[in-house]
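Engineer: Generate a structure from the sequence data that follows.
(2 chains)
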Number of protein chains: 2
Amino acid sequence: MTKPLMNRQYVFAARPDEQATAECFGQIETEVPAPQPGEILCRNLWLSVDPYLRLKMHDRESYTPPLQIGEAIPGSSVAQVIATADPAYQEGDLVAIQGGWQEYAIVRAKHAQRVDPALSRPESWLGALGMSGFTAYGGLLSIGQPKAGETVVVSAAAGAVGSLVGQIARQLGCRVVGIAGGPEKCARTVERFGFDACVDYRADDFPVALAAACPDGIDVYFDNVGGPVTDAIANLFNLRARMIVCGLISHYNMPDGYVGPSILRSVLTNRVLIQGMIVFDWHDRWPAGIAQLGKFVKAGKLKYKEDVTEGLENAPSTFIGMLGGRNFGKTLIKIAE
Amino acid sequence: MTKPLMNRQYVFAARPDEQATAECFGQIETEVPAPQPGEILCRNLWLSVDPYLRLKMHDRESYTPPLQIGEAIPGSSVAQVIATADPAYQEGDLVAIQGGWQEYAIVRAKHAQRVDPALSRPESWLGALGMSGFTAYGGLLSIGQPKAGETVVVSAAAGAVGSLVGQIARQLGCRVVGIAGGPEKCARTVERFGFDACVDYRADDFPVALAAACPDGIDVYFDNVGGPVTDAIANLFNLRARMIVCGLISHYNMPDGYVGPSILRSVLTNRVLIQGMIVFDWHDRWPAGIAQLGKFVKAGKLKYKEDVTEGLENAPSTFIGMLGGRNFGKTLIKIAE
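Structural biologist: Numbers count the residues shown, from 1 in each chain, chains lettered A, B, ... in the order given. I've put the predicted structure just below:
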């Protein structure tokens, strides 16, 4: 009798009061069942660690339902098919799936996306060719509609989405200014990702430095953070500026939300357009977007930084560190070779 | 020798610290010159008193340049041509012009709009068939894009623009909820303008009452006020709600602006679209809009309330009262018969 395959898995153990802590995550071990018809059994290789998970820890509706205690922690992964009950996949195939924080995942084959290792490294499907890439591409083009010569500003510029937003905007002929935390991240954003400038939001003179970096004002702002950074942006909007609200990472650890000066005055006087976005809304445009991003990647036009931690057991501490800004680039966990 | 025609005129006398006061307005008297070629000399009959004037009293750029001390107080008016140096107009014609806070105005004929008294009362060109009407119509349709069955909420619902927004939305088959100050205004908004409901923002239970009046959430919000009213609205937005930022009257007397909870969380989770508007941006669409509004007016579909004060000398106190909410309907000064 074969020894049963066991699956180490993280579940939601406790709702955080303010900061998310290690106590929010509990580890369980369960036996891996066989895939049913139409399903594939996958071994997770790479796990994407994403800020939106923090939003799901609140006990209230958000754009995704709140996590329930005991529920498996969700996340995108790149995985290898190890058993298949669907003719579309064979053992050994690489797939991008909603694999979760665990070693093994069973998913419906039709929900998997094929990974082509000839085009790029497999983990790219969690980044430039995955949710991060399409979030950057779809939000910037659909809402921001940047034109050559305009000034595009993006916050969390060293992060997974932000670094791609800036590079795509540069491809479109825009002046690109990043906002990031600390001089090291700012320097790397300019040197590695080719931003025209990057401003440190932790510096005392941040609003002054931001204004200096945007001498012609701001036409497009891709917001990943909210809070005082966005307040400073609002003072620099040009007439008919566009603001994409993609994330509000500075608000996520505030149970009562952020309180600050209203940005509506600038919205009124400059006729600004603001729109919230969730990449899942655009799934019909996803294939075309990924195809375009694939061309950029093949042509070497998109540099992409991953911040890799080895071992599933380090996922909780990596997630908590990321919320505190202790990451540079797309945060990934390498679960297996 | 004929006695020269003298013009009583208000000029900007002092910048307000916080509240606008009577000291902001100075009265001067000057001789009326003859119109030069291409100009018409008009006698102001009706003067429109508008909240945006308060914004122009700040010493900083807004969507219109700040008023300078000594500058004439601007305002729309309906006037009668009393001398003409342009073949397009004859003495006795009625026109809508930027006539200002004064008895007589000289304007370029091409900047005048002809008033047709057969279609509606002349003062309608300062309201339903003027800036208020087109502000309501253009903002609601261009940005709000309301669909039959949706819930449309408008603040300052008893006011010039708000009362029209609600009636136009009703014509489009929407459920219309107003927000106004005090039970009397609320009752009149429902009875006179046909809103489905109107909620008193001064009541202690305002957020609860607003939620009760919008059992299906809010799809379109036409904002004239900002501040805590808008904060309460943001909690009720439906997925893909639209918010028109037309005015922020609750902010105008705050020199440092309004500070409150960020609405961006709702923008993100509900993918809300927010856009600021100034009616002057749409001047190319103005004639078509006014034509549609004229059809509504002729069919008796748009009720319109004017709050008329007699006498140019009462313009400053009427303006100050309006900023404090002591008006019901479009605020007008009747300067002459």
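Engineer: In terms of helices and strands, where is A:Gly26?
Structural biologist: Using DSSP states H and E, A:Gly26 sits in strand A:25-31.
Engineer: Name every strand pairing with that strand and say which way it goes.
Structural biologist: strand A:6-12 (antiparallel) (DSSP bridges).
Engineer: For the strand holding A:Gly26, list every residue counted as buried.
Structural biologist: Neighbour counts over strand A:25-31 (16 or more other Cβ atoms under 10 Å in any protein chain shown) mark A:25-26 as buried. Backbone N, C-alpha and C define where each C-beta goes, glycine included.
Engineer: Over to stretch A:91-99?
Structural biologist: Neighbour-count burial for stretch A:91-99 [16+ other Cβ under 10 Å]: A:93-97, A:99.
Engineer: and chain A, what are its domains?
Structural biologist: Split into domains by automatic domain parsing, chain A comes to A:6-127+A:305-334, A:131-280.
Engineer: Let me see the mean pLDDT of the shortest one.
Structural biologist: The average of the pLDDT scores along domain A:131-280 is 94.
Engineer: try stretch A:32-43
Structural biologist: The model assigns stretch A:32-43 a mean pLDDT of 96.
Engineer: Over to stretch A:99-114?
Structural biologist: Throughout stretch A:99-114, pLDDT has a mean value of 95.
Engineer: Using CSV, write out every CA atom in it.
Structural biologist: C-alpha atoms of stretch A:99-114 as CSV (Å, rounded to 0.1, in the frame of the first residue of the first chain):
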residue,chain,number,x,y,z
GLY,A,99,-3.5,27.2,-6.2
GLY,A,100,-3.6,28.6,-2.7
TRP,A,101,-1.1,28.6,0.2
GLN,A,102,-0.4,24.8,0.1
GLU,A,103,1.8,22.2,-1.5
TYR,A,104,-0.8,20.5,-3.7
ALA,A,105,-4.0,21.8,-5.3
ILE,A,106,-6.8,20.2,-7.2
VAL,A,107,-8.5,22.6,-9.7
ARG,A,108,-10.8,22.3,-12.7
ALA,A,109,-8.8,22.0,-15.9
LYS,A,110,-10.8,24.8,-17.6
HIS,A,111,-9.7,27.2,-14.8
ALA,A,112,-6.0,26.6,-15.5
GLN,A,113,-3.9,28.6,-17.9
ARG,A,114,-1.1,27.0,-19.8
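Engineer: how about that stretch: buried residues?
Structural biologist: A:99-107, A:109, A:112-113.
Engineer: Show me which pair in those is furthest apart.
Structural biologist: The span of the buried residues of stretch A:99-114, defined through Cβ to Cβ, is set by A:Trp101 and A:Ala109 at 21.6 Å.
Engineer: between the buried residues of stretch A:91-99, which is closest to A:Leu47?
Structural biologist: Looking across the buried residues of stretch A:91-99 and measuring by Cβ to Cβ, the closest to A:Leu47 is A:Gly99, at 7.0 Å.
Engineer: mind listing what the closest one touches?
Structural biologist: A:42, A:44, A:47, A:75-77, A:79, A:105, A:107 (Cβ atoms under 8 Å, 6 or more residues apart in numbering or on different chains).
Engineer: State the distance from A:Gly182 to chain B.
Structural biologist: Distance of A:Gly182 to chain B, computed by Cβ to the nearest Cβ, to the nearest Å: 24 Å.
Engineer: how far away is that residue from A:Ala157?
Structural biologist: 12 Å (Cβ to Cβ, to the nearest Å).
Engineer: ditto for A:Pro4
Structural biologist: On the measure of Cβ to Cβ, A:Pro4 and A:Ala157 end up 47 Å apart.
Engineer: the more surrounded of the two?
Structural biologist: A:Ala157 (31 against 10; other Cβ atoms under 10 Å in any protein chain shown).
Engineer: Could you measure from the more buried one over to B:Leu210?
Structural biologist: Per Cβ to Cβ, A:Ala157 is found 39 Å from B:Leu210.
Engineer: list the contacts for the closest residue to A:Tyr304 other than its chain neighbours?
Structural biologist: Nearest residue to A:Tyr304, sequence neighbours excluded (Cβ to Cβ, 6 or more residues apart in numbering or on different chains): A:Ala128, at 4.7 Å. Contact analysis of A:Ala128 by Cβ under 8 Å, 6+ apart lists A:120, A:164, A:293, A:296-297, A:302, A:304.
Engineer: which phi and psi does A:Ala128 have?
Structural biologist: A:Ala128 adopts backbone torsions of phi -60, psi -30, taken as degrees, to the nearest 10.
Engineer: Correct me if wrong: A:Ser132 contacts A:Leu126.
Structural biologist: Yes - using Cβ atoms under 8 Å, A:Ser132 is in contact with A:Leu126, at 7.4 Å.
Engineer: can you list residues touching both of the two?
Structural biologist: Counting by Cβ under 8 Å, 6+ apart, the contacts common to A:Ser132 and A:Leu126 are A:Lys330.
Engineer: quick one: buried residues of the helix or strand where A:Arg170 lies?
Structural biologist: Using DSSP H and E, A:Arg170 sits in helix A:160-171. Buried residues in helix A:160-171, counted by 16+ other Cβ under 10 Å: A:160-170.
Engineer: Just give me the closest of the residues you listed to chain B.
Structural biologist: The closest of the buried residues of helix A:160-171 to chain B turns out to be A:Val161 (Cβ to the nearest Cβ; 13.5 Å).
Engineer: Start and end of stretch A:17-34, how far apart?
Structural biologist: Start-to-end span of stretch A:17-34 (Cα to Cα, to the nearest Å) is 38 Å.
Engineer: do stretch A:204-220 as well
Structural biologist: 24 Å.
Engineer: does any part of it sit near chain B?
Structural biologist: No - between stretch A:204-220 and chain B, judged by Cβ under 8 Å from any Cβ of the partner chain, nothing touches; the nearest distance is 11.9 Å.
Engineer: Residues touching that stretch, excluding its own?
Structural biologist: The set of residues external to stretch A:204-220 that reach it, using Cβ under 8 Å, 6+ apart, is A:140, A:144-147, A:150-153, A:169, A:174-175, A:177, A:179, A:197-200, A:203, A:229, A:232-233, A:235-238, A:241-244.
Engineer: check those residues against chain B, which are close?
Structural biologist: Okay, of those, nothing touches chain B (Cβ under 8 Å from any Cβ).
Engineer: Can I have the buried ones of these as a ChimeraX selection?
Structural biologist: Buried residues among these (16+ other Cβ under 10 Å), as a ChimeraX selection:
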select /A:140,144,146,150,151,152,153,169,174,175,177,179,197,198,199,200,229,232,233,236,237,238,241,242,243,244
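Engineer: Mind checking which of the contacts of stretch A:204-220 are in helices?
Structural biologist: When the contacts of stretch A:204-220 are checked against helices (DSSP state H), the matches are A:169, A:229, A:232-233.
Engineer: Tell me which two in those are the farthest apart.
Structural biologist: Distance extremes for the ones in helices among the contacts of stretch A:204-220: the farthest pair is A:Ala169 and A:Ala232 at 19.4 Å, using Cβ to Cβ.
Engineer: before we move on, back to that, may I ask which of the contacts of A:Ala128 has the most neighbours?
Structural biologist: Highest count within the contacts of A:Ala128 by other Cβ under 10 Å belongs to A:Leu164, 28 neighbours.
Engineer: Need phi/psi at A:Leu41.
Structural biologist: Main-chain torsions, A:Leu41, degrees, to the nearest 10: phi -100, psi 130.
Engineer: Okay, it and chain B: tell me how far apart.
Structural biologist: 34 Å.
Engineer: So what pairs up with that residue in the strands?
Structural biologist: Assigned bridge partners for A:Leu41, using DSSP bridges, are A:Ala83, A:Ile106.
Engineer: got the contact list for it?
Structural biologist: Taking Cβ under 8 Å, 6+ apart, we find A:Leu41 in contact with A:32, A:34-35, A:81-84, A:104-106.
Engineer: Any of the residues you listed buried? List them.
Structural biologist: By the neighbour-count criterion of 16+ other Cβ under 10 Å, those include these buried positions: A:32, A:35, A:81-84, A:104-106.
Engineer: ok, so of those, who is nearest chain B?
Structural biologist: Using Cβ to the nearest Cβ, the shortest approach to chain B within these belongs to A:Ala105, at 27.0 Å.
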